[in-house]
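>>> sequence isn't available, so here's the structure alone:
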């Protein structure tokens with residue numbers, strides 16, 4: 001899977017759609033929501049097998065089996081299996097392992113970024129992705145997140161996108177993988 005391409009496709013899909021929302025805060029929230037769902041759809045298209053599940057807040061497809069749309073993260077990609085209930089009258093679906101944990105935060109503030117990045121540390125996923133905003137002091141932002149990324153015991157990615165208010169003008173997505181430092185991909 002080319003994670004950068006998946007992120008870019010979701011971003012271009014959402015950022016090319018004009019919005020009629022006049023309230024800046026609502027516009028940012030709506031664009032962020034649309035991006036996360038577009039990215040989740042990209043994961044769903046990649047992991048098409050019946051044993052894979054992609055959770056996100058506004059996707060109802062897992063509610064019947066798991067009782068929730070979103071499970072701990074903005075996006076969670078996992079594998080599952082089926083077993084019989086204790087009374088043997090129904091089948092139950094359970095998670096066997098986590099493939100991707102994704103968190104996003106578009107506030108241009110390293111404190112807010114760390115609040116969400118911390119969630120990635122506590123999970124046991126094979127891959128972790130944090131999506132944040134492009135900032136003026138990119139080196140400082142990357143250095144701050146590197147101090148946390150070193151505690152993620154998985155392949156950890158970082159994507160910086162333009163802030164939602166700039167989507168009409170700016171279309172460049174920047175991605176890194178953490179290997180004792182951030183390496184641009």
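Perfect, thanks for sending it. On a predicted model such as this, the values are computed, not experimentally measured, just so you know. Residues are numbered from 1 along each chain as shown.

>>> mind checking the SS state of the residue lying closest to residue 63 once chain neighbours are set aside?
Using Cβ to Cβ, 6 or more residues apart in numbering and skipping residues adjacent in sequence, the residue nearest residue 63 is residue 69, 5.8 Å away. Placement of C-beta: from N, CA and C, glycine included. Following DSSP: H, G, I helix; E, B strand; the rest coil, the label given to residue 69 is coil.

>>> repeat for residue 73
Per three-state DSSP, residue 73 ends up coil.

>>> ok, now how distant is it from residue 23?
27 Å (Cβ to Cβ, to the nearest Å).

>>> now do the residue minimising distance to the centre of the chain against residue 131, distance only.
When Cα atoms, centre = their mean is applied to the chain, the residue found nearest the centroid is residue 102 (2.9 Å). Applying Cβ to Cβ, the value for residue 102 to residue 131 is 7 Å.

>>> what is in contact with these two at once?
With Cβ atoms under 8 Å, 6 or more residues apart in numbering applied, the overlap between the contact sets of residue 102 and residue 131 consists of residue 39.

>>> looking at the chain, which strand is longest?
strand 91-104 (DSSP state E).

>>> can you give me the buried ones in it?
98-104 (16 or more other Cβ atoms under 10 Å).

>>> and the lengthiest helix in the chain, how far from the chain's centre?
Counting by DSSP state H, the longest helix found in the chain is helix 24-46. Its chain's C-alpha centre and that of helix 24-46 lie 9 Å apart, by Cα atoms, centre = their mean, to the nearest Å.

>>> same thing with stretch 23-35?
Counting by Cα atoms, centre = their mean, stretch 23-35 is centred 16 Å from the centre of its parent chain.

>>> residues contacting it, please?
Counting by Cβ under 8 Å, 6+ apart, 10-11, 14-15, 17, 19, 21, 57-58, 104, 106, 131, 161, 163-165, 167 sit against stretch 23-35.

>>> what ranges do the helices span in the chain?
3-15, 24-46, 63-66, 110-122, 138-149.

>>> make CSV out of the ones you listed and add mean neighbour count, distance to residue 185 and mean pLDDT.
Formatted as CSV, those follow (neighbours: other Cβ atoms under 10 Å; distance: least, Cβ to Cβ, whole Å; pLDDT from 0 to 100):
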stretch, mean neighbour count, distance to residue 185, mean pLDDT
helix 3-15, 19, 5, 95
helix 24-46, 18, 16, 93
helix 63-66, 12, 32, 85
helix 110-122, 16, 18, 94
helix 138-149, 16, 13, 96
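
>>> so how far is residue 160 from residue 135?
7 Å.

>>> what is in contact with those two at once?
Common neighbours of residue 135 and residue 160 (Cβ under 8 Å, 6+ apart) are residue 141.

>>> before we move on, the earlier item: closest to residue 90 out of the helices of the chain?
helix 63-66 (11.1 Å; Cβ to Cβ).

>>> and the closest one, how far out from the chain's middle?
20 Å.
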